[in-house]
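1. Below is the sequence, then the predicted model.
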Amino acid sequence: MFKAITFDFWQTLYADTQENWENRQAIRIENCHQYLTKQDYSCTTSEIAVGLDDAYKVSMTSWYEHKGVSVETCLMTFAESLQLSFDETEIASLIVCLGEAFMESPPVLIQHVKPVLAKLSEQYSLGIISDSALSPGKYVRQLMKQDGIYQYFSAFTFSDETEHTKPEVIQYISTLEQLNVKPEEAVHVGDIVRTDIVGAKNAEMKAIRFAGFNKSETDDILSDAVIDDYRLLEDTLAELSK
């Protein structure tokens, strides 16, 4: 019998398109430009765009190498690209710039997620295991509160806060420890085989791949089940628990 379910965030609970990401990036550039101008730094929006691209590359390179990285570290690369030096207060303010861009152009809650989470939370402990890039976990929590699903979760593991990333087993085990359950008592739901599914299986959990938004995962022999509609999740959990 399962006692807990952990979920990926991006493209699993929330859907994010390339168009939306580009809009968010434009807001990040403008936010950072306004802040740095107020701080009397002289840099153009084009230079900031290059700097943020460099910062994003750091996060993505780390992600592909299965390494976590803090947003602070990414912003140090941003500073280097601009040939500037920021103190802790300025780094914190720039993180706010990124977070506000996330909230202004957020990913969208996937269809049927909210009622399904409400029902599942009555029977299972729920957790989040998410890789963050330039969107800090602090603001992901804020969006979940805004959308009325935060209260269903009792564990949150974000790569920018732990500086570990999926499929590192520690991301799963530390989340299960927060939920006070054993790996064999838990299932992870995510959309990417090499991170979500591999990590969950290495942690000796069951793994369900959500294919309702990310259609690129075609080579999957590891998932215990695949669903493309959240209304199928409850019955799938029942089948896996037999």
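-> Received it, and whenever you're ready, just let me know what you need. Just so we're clear, the structure is a prediction, and the values are computed from it rather than from any experiment. Numbering: from 1, shown residues only.

2. just checking, residue 174 touches residue 157?
-> Yes: Residue 174 sits in contact with residue 157 when judged by Cβ atoms under 8 Å, with a separation of 6.1 Å. Yep, even glycine has a C-beta here, placed from its N, CA and C like the rest.

3. of the two, who's got more company?
-> residue 157 (23 against 16; other Cβ atoms under 10 Å).

4. Dihedrals phi and psi, the more buried one?
-> Backbone torsions of residue 157, given as degrees, to the nearest 10, read phi -130, psi 110.

5. if I pick it, what's in contact with it?
-> Residue 157 sits next to 127, 128, 129, 130, 171, 174, 175, 178 when contact means Cβ atoms under 8 Å, 6 or more residues apart in numbering.

6. Tell me the secondary structure at the third one.
-> Spelled out, it's residue 129. Of the three states, residue 129 takes strand according to DSSP: H, G, I helix; E, B strand; the rest coil.

7. For residue 97, report the pLDDT, please.
-> Per-residue pLDDT puts residue 97 at 96.

8. Compute the distance between it and residue 240, please.
-> For residue 97, the distance to residue 240 equals 43 Å [Cβ to Cβ, to the nearest Å].

9. Comparing those two, which shows the higher neighbour count?
-> A direct count of neighbours by other Cβ under 10 Å for residue 97 and residue 240 places residue 97 higher, at 20 against 14.

10. Helix, strand or coil: sort out that one for me.
-> Counting by three-state DSSP, the backbone at residue 97 sits in helix.

11. Number of residues surrounding the spatially closest residue to it that is not a sequence neighbour?
-> Closest residue to residue 97 apart from its sequence neighbours, by Cβ to Cβ, 6 or more residues apart in numbering: residue 31 at 3.8 Å. Look at residue 31: counted by other Cβ under 10 Å, it has 20 neighbours.
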